[in-house]
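> Give me coordinates for this.
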Amino acid sequence: MIDCYTWTTDNGYKPRMMLEETGLPHKIIPVNLGQKAQMAPDFMKISPGHKIPAIVDNDGPGGTRVTLCESGAILKYLAEKSGKFYPTDPAARVKVDQWLFYGSATFTTLAQQFGHWTIRSPVKAPPAQQHYEANLRDMLSTLDGHLASNEYFGGAYSIADMTMYSDVHIHGVRDVGLKDYPNVQRWHDAIEARPAVQRAWGPFPS
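Sure, this is the predicted structure:
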């Protein structure tokens, strides 16, 4: 059984999507960021940087107990554990890794800054808002260009797509719109229609 510690944020939805897609046995454990639950000492033993998501796999390699944070690392771990959504061919893996790391390290990081300065911050700083909106639109253009000749980011649907979907869904669809990025819109809608994704984006299990 995998314990998944998460919340309703862009990064928080990523392991939920993967767990639903793979069917790995798991339990969702909400970590209420508004109540600073991520600062609890017991949680920080799992995620030293007090970040969600994090997982505890009580049946890790060789029967060991694995604790893991960072959404990209979690996606890759779950892919290798399940044997799903991560190609076995080394050349194909290189392509998936490129977009997995782009999504985790670049796209989500800058999209979160857009969300902070443009949506959530009570302090209005127009230069920062303009800077991060320009960054977001530039990244969406990058994604749109790749998807013009590719159905998904790494070949078949994979963890490379899962790592970018949540920020496209939150900031692309809701905040700036995708009318200028038709290939991203097509890709987003195909993923949104997947039953596992719909379950992952539903309420937390009671």
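
> going forward, measure contacts between C-alpha atoms and count neighbours the same way
Noted.

> Give me the neighbour count for Lys36.
10 (other CA atoms under 10 Å).

> Got the phi and psi for it?
phi 60, psi 30 (degrees, to the nearest 10).

> Could you measure from it over to Met44?
12 Å (CA to CA, to the nearest Å).

> How about Val124, nearest residue that isn't a chain neighbour?
Quick fix: residue 124 reads Lys, not Val. With sequence-adjacent residues excluded and distances taken as CA to CA, 6 or more residues apart in numbering, Lys124 is closest to Trp117, at 7.2 Å.

> Report whether the expected contact of the one you found with Ala128 is present.
Yes - shown here, Trp117 and Ala128 form a contact pair, counting by CA atoms under 8 Å, at 6.5 Å.

> Comparing the two, which residue is more hemmed in?
For Trp117 versus Ala128, neighbours defined as other CA under 10 Å are more numerous around Trp117 (21 against 15).

> Ramachandran angles for that one?
Dihedral angles (degrees, to the nearest 10) for Trp117: phi -80, psi -30.

> and what of Cys4?
Per degrees, to the nearest 10, the backbone of Cys4 is at phi -110, psi 110.

> which residues does the closest residue to it other than its chain neighbours bridge with?
Of all residues not flanking Cys4 in the chain, Ile55 sits nearest, at 4.5 Å (CA to CA, 6+ apart). Under the criterion DSSP bridges, Ile55 forms beta bridges with Cys4, Leu68.

> Would you agree Ile55 is in contact with Ile2?
Yes - using CA under 8 Å, Ile55 is in contact with Ile2, at 6.6 Å.

> These two: which has the busier surroundings?
Legend: neighbour count by other CA under 10 Å for Ile55 and Ile2, higher for Ile55 (26 against 20).

> how close does that one get to Phe43?
10 Å.

> Could you pull up the contacting residues of Lys95?
153-155 (CA atoms under 8 Å, 6 or more residues apart in numbering).
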